[in-house]
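Visitor: here's a sequence, model it:
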Amino acid sequence: MIDDILGEFQSHINETTDALRRELSRMRTGRANLSILDGIRVDYYGQQTPLNGVAALSVPEPRLITIKPWDKSMIQIIEKALIEANLGINPMNDGEMIRLPIPTLTEERRKEMVKQVKHKGEEHKVTVRNHRRDAKDMLEEAQKEGEISEDDLKRALEKLQHQTDEGVKHLDEIVAKKDEELMEV
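Guide: Numbers count the residues shown, from 1 in each chain. The predicted structure follows:
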């Protein structure tokens, strides 16, 4: 029973960590990264299709993303979707492909993004702590119902706290790495 609760809690921590990584990977850092295009969908013959489903995406230079549609009639639709996505990048269309030059970030914008990163990290820490509270409640309930002893409860709560501390530490490391990436000129 204890192992089930602690295992479920660990999986919640892993999910939260993965969610933070995904969110932070979409943030523009001044370097070309295809993950900033992940959420963009285009209308492809009536279907909302991910951008990588209608075009070849590549990063030929550190500050440039190229998008080469497989069907040239899609170039205007892709360009419109990029503009509507509000990435802060102006697409350049040459009739064959779309180029997205990644501008360098200003110092002010970098600091603003670092604040956003820290805020997202804090939100995910709160999520981990909420899951800890739920797991703690489940353990205490099991002890009240006589399913586990008081000593087992104490050991389980110590393990729970250790898992929480490790999870929060891991989230802090992810946030620190992203901060470093953002402040890099």
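
Visitor: distance from the centroid: which residue in the chain tops it?
Guide: G146 (40.9 Å; C-alpha atoms, centre = their mean).

Visitor: please enumerate the strands of this structure.
Guide: Taking DSSP state E as the test, the strands found in the chain are 41-44, 47-50, 55-61, 64-69, 92-93, 98-101.

Visitor: for the helix ranked longest in the chain, what is the average pLDDT?
Guide: Ordering each helix of the chain by length in residues (DSSP state H) puts helix 107-144 first. pLDDT averaged over helix 107-144 equals 92, rounded to a whole number.

Visitor: OK, contacts around Q116?
Guide: Neighbouring residues of Q116 by C-beta atoms under 8 Å, 6 or more residues apart in numbering: M27. (C-beta placed from N, C-alpha, C; glycine too.)

Visitor: N130: neighbouring residues, count only.
Guide: Neighbours of N130 under the rule other C-beta atoms under 10 Å: 12.

Visitor: oops, could you answer that again for P60 instead?
Guide: By other C-beta under 10 Å, 9 other residues sit near P60.

Visitor: that one reaches T66, doesn't it?
Guide: Yes. Checked against C-beta atoms under 8 Å, the pair P60 and T66 is within contact range at 5.9 Å.

Visitor: measure the residue farthest from the centre of the chain to D18 for me?
Guide: In this structure, G146 lies at 37 Å from D18, with C-beta to C-beta, to the nearest Å as the measure.

Visitor: ok, now S58?
Guide: Computed with C-beta to C-beta, the distance linking S58 and D18 is 26 Å.

Visitor: and the two? which has more neighbours close in?
Guide: Between S58 and D18, S58 has the larger neighbour count (other C-beta under 10 Å), namely 14 against 10.

Visitor: what is the burial count for the nearest residue to the more buried one once chain neighbours are set aside?
Guide: Across the structure, with C-beta to C-beta, 6 or more residues apart in numbering as the measure, the residue nearest S58 apart from its sequence neighbours is T66 (5.2 Å). The number of residues packed near T66 is 18, by other C-beta under 10 Å.

Visitor: so for T66, what's the pLDDT?
Guide: The pLDDT attached to T66 in the predicted structure is 93.

Visitor: residue contacts, it?
Guide: When contacts are counted by C-beta under 8 Å, 6+ apart, T66 is found next to L57, S58, V59, P60, M97, I98, R99, L100.

Visitor: quick one: buried ones out of the residues you listed?
Guide: Of all these considered here, the ones buried according to neighbour count by 16 or more other C-beta atoms under 10 Å are M97, I98, R99, L100.

Visitor: in JSON lines: those residues, plus pLDDT.
Guide: Supplementary listing: the buried ones among the contacts of T66 in JSON lines, determined by pLDDT from 0 to 100:
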{"residue": "M97", "pLDDT": "91"}
{"residue": "I98", "pLDDT": "92"}
{"residue": "R99", "pLDDT": "92"}
{"residue": "L100", "pLDDT": "90"}
